[in-house]
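[1] The following block contains a protein sequence and its predicted model.
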Amino acid sequence: MSQSLQGKTAVVTGSSRGIGRAIAEGLAANGAAVAVNYVGNKKAADDVVAAIASKGGKAVAIQADISVVDDVHRLFDQTENQLGAIDIVVANVGIAVIKPLIEATEADFDLVFGTNARGTFFTLQEAARRVRDGGRIIAVSTGGTRMFFTQTALYLGSKGAVEQFVRVLSRELGPRGVTVNALSPGFTDTDLLPERDRALAAGMSPFGRIGAPREVADVAVFLASDEARWLTGENIQAGGGVA
């Protein structure tokens, strides 16, 4: 284990699988104690905690649905009670409904924006209240907000909102030495990337492949470190050169 984040406490929302899990494990591998957040799959979250513990790290699993504001408050309360004052928050939770804009329903809108935009907003708000001076806040967006894709209006619209939250909050927390950045993965090997799109996605990168969750997580760990203290209000692209 590296010790670059020793003594730090982190909250990673949606960290029982995929990129969130890789970020939680990466932060723990660098010495942070991590709150592994999940909504319904307790076993998956417990597996992450066990994997971290097996390598000498410290983590706890905390159930919370970030689309519910009371759950957000409880997530931060339980993290502080179990792990101590919070230094790093990664707002990673995201869901997608893929369909043409003209076919999207009110329920679709409420689901996607309720989680990705509203849920992330209140996660960032609570992070701003709780993170210690000099802390790090990272919101996961997507490289798709710079591109033109059909059937993604709900997902990309909600993530576009997240990027604006980051820009504003970075200015508001600057006097406390807290950095606030967006991290935008490209096509990554998770269950959110349909099998039918993988070959096309690989061809869009100069590396000729899609990314691994660990490769995105490594960027998140950097943004959480002291080495990233001069970066704030940025949208860091982690997409293997896809543009």
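    Great, that's in hand. Residues are numbered from 1 along each chain as shown.
[2] Give me the buried positions along stretch 40-57.
    Using 16 or more other Cβ atoms under 10 Å as the test for burial, stretch 40-57 gives 45, 46, 47, 48, 49, 51, 52, 57. All C-beta spots, glycine's among them, are computed from the backbone N, C-alpha and C.
[3] which of these lies closest to residue 110?
    Proximity to residue 110 was ranked across the buried residues of stretch 40-57 by Cβ to Cβ; first place goes to residue 45, at 25.6 Å.
[4] Contact partners for the closest one?
    15, 16, 36, 37, 38, 61, 63 (Cβ atoms under 8 Å, 6 or more residues apart in numbering).
[5] can I have the helix or strand harbouring it written out in PDB, keeping just the CAs?
    Using DSSP states H and E, the element containing residue 45 is helix 42-54. Extracted in PDB, the C-alpha atoms of helix 42-54 (Å, rounded to 0.1, in the frame of the first residue of the first chain):
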ATOM      1  CA  LYS A  42     -25.200  -5.500   0.000                       C
ATOM      2  CA  LYS A  43     -23.200  -8.600  -1.000                       C
ATOM      3  CA  ALA A  44     -21.300  -6.700  -3.700                       C
ATOM      4  CA  ALA A  45     -20.500  -3.900  -1.300                       C
ATOM      5  CA  ASP A  46     -19.300  -6.400   1.300                       C
ATOM      6  CA  ASP A  47     -17.100  -8.000  -1.300                       C
ATOM      7  CA  VAL A  48     -15.400  -4.600  -2.000                       C
ATOM      8  CA  VAL A  49     -14.900  -4.100   1.800                       C
ATOM      9  CA  ALA A  50     -13.400  -7.600   2.000                       C
ATOM     10  CA  ALA A  51     -11.100  -7.000  -1.000                       C
ATOM     11  CA  ILE A  52      -9.800  -3.800   0.600                       C
ATOM     12  CA  ALA A  53      -9.300  -5.400   4.000                       C
ATOM     13  CA  SER A  54      -7.400  -8.300   2.400                       C
END
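[6] After it, which helix or strand is next? Please name it.
    From helix 42-54, the next helix or strand downstream (DSSP H and E) is strand 58-63.
[7] on that earlier part again, and which of the contacts of residue 45 is nearest residue 122?
    When those are compared against residue 122 (criterion: Cβ to Cβ), the nearest one is residue 37, at 13.5 Å.
[8] Make sure the closest one is indeed in a strand.
    Yes: counting by DSSP: H, G, I helix; E, B strand; the rest coil, residue 37 is found in a strand.
[9] List the contacts of it.
    11-16, 20, 45, 61-64, 66, 75, 93 are the contacts of residue 37 under Cβ under 8 Å, 6+ apart.
[10] Ok, residue 99 next?
    108, 151, 154.
[11] mind listing which of those residues are in helices?
    Among the contacts of residue 99, the members found in helices (DSSP state H) are 108, 154.
[12] Where does confidence bottom out across the contacts of residue 99?
    Note: of the contacts of residue 99, the lowest pLDDT belongs to residue 151, at 93.
[13] ok, and the most crowded of the contacts of residue 37?
    Within those, neighbour counts (other Cβ atoms under 10 Å) peak at residue 12, which reaches 34 neighbours.
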